[in-house]
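Enquirer: mind folding the following:
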Amino acid sequence: MAQPIKIAPSVLSADFTRLGEQIQVAAEHGASQIHIDVMDGVFVPNITMGSLVVKAIRTVTNLPLDVHLMIIEPDRHLQAFVDAGASALTVHLEVCSHLHRTLQNIKLLGVRAGVAINPHTPAILLSEIIHLVDIVLVMTVNPGFGGQTFLPETLPKIRQIRQMVGERSVDIGVDGGIDADTTPQVLEAGANVLIAGNSIFAANGGIASGIKAIQQAITKD
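Expert: Have a look, this model is predicted:
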């Protein structure tokens, strides 16, 4: 069963002096959900936002908030992000010593559970937990910074994960270098959640123009 295609603007690339306004513009022009990258400066070489920012974003939109935890020891913070308004929590396979338990804990909190893998991580490592997830997030760049170039060598991994998922209703997201040029490639491989930062928030013509370009790429023959 084909999953609906979703556009998920990543606020990592937003203008934080106008964050609420920009999220509302994205929502008005076709965003399906809002993607929030949480980085701790340990697992990845950057520090970004925490649960207080998620709480603020929750006040300006009814869209689902997809929170991507690029942090060590994510279990310590799950409750705080759910309390702040997260609709989904995605943790990294690479940092979870007891991934089964982490995913089960996320589900017990009443939100969607996701697992992310870095470009170097083999898809086969998901095989023991794939039945527990609602979301698989394939990093199509090395995590830590926005504006990086898409890694085409991740495409076979997306195809493999789509096969692993089978007929289950699981979202496969891609994050890194997603724009109008790379969208057809990742859709063909089996992704259905397009996480885009710079190509939306830094688009020539503004946010609406950036989303429209991706929408046109989705519908292009």
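Enquirer: how about the CA coordinates for the helix or strand harbouring residue 156, as CSV?
Expert: According to DSSP states H and E, residue 156 maps onto helix 155-165. The C-alpha atoms that make up helix 155-165 are tabulated as CSV, following Å, rounded to 0.1, in the frame of the first residue of the first chain:
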residue,chain,number,x,y,z
LEU,A,155,19.4,5.5,-2.7
PRO,A,156,19.9,1.7,-2.6
LYS,A,157,19.4,1.8,1.1
ILE,A,158,16.0,3.5,0.8
ARG,A,159,15.0,0.8,-1.7
GLN,A,160,16.1,-1.9,0.7
ILE,A,161,14.1,-0.4,3.6
ARG,A,162,11.0,-0.1,1.5
GLN,A,163,11.3,-3.8,0.8
MET,A,164,11.8,-4.6,4.4
VAL,A,165,8.7,-2.6,5.4
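Enquirer: chain center to that helix, what's the gap?
Expert: 16 Å (C-alpha atoms, centre = their mean, to the nearest Å).
Enquirer: and it, what's buried?
Expert: 155, 157-162, 164-165 (16 or more other C-beta atoms under 10 Å). Glycine gets a C-beta too; all of them are placed from N, C-alpha and C.
Enquirer: so what's residue 37 bridging to?
Expert: Per DSSP bridges, the residues bridged to residue 37 are residue 68.
Enquirer: tally of neighbours for it?
Expert: 25 (other C-beta atoms under 10 Å).
Enquirer: isn't it right up against residue 48?
Expert: Yes. Between residue 37 and residue 48 there is a contact under C-beta atoms under 8 Å: 5.7 Å.
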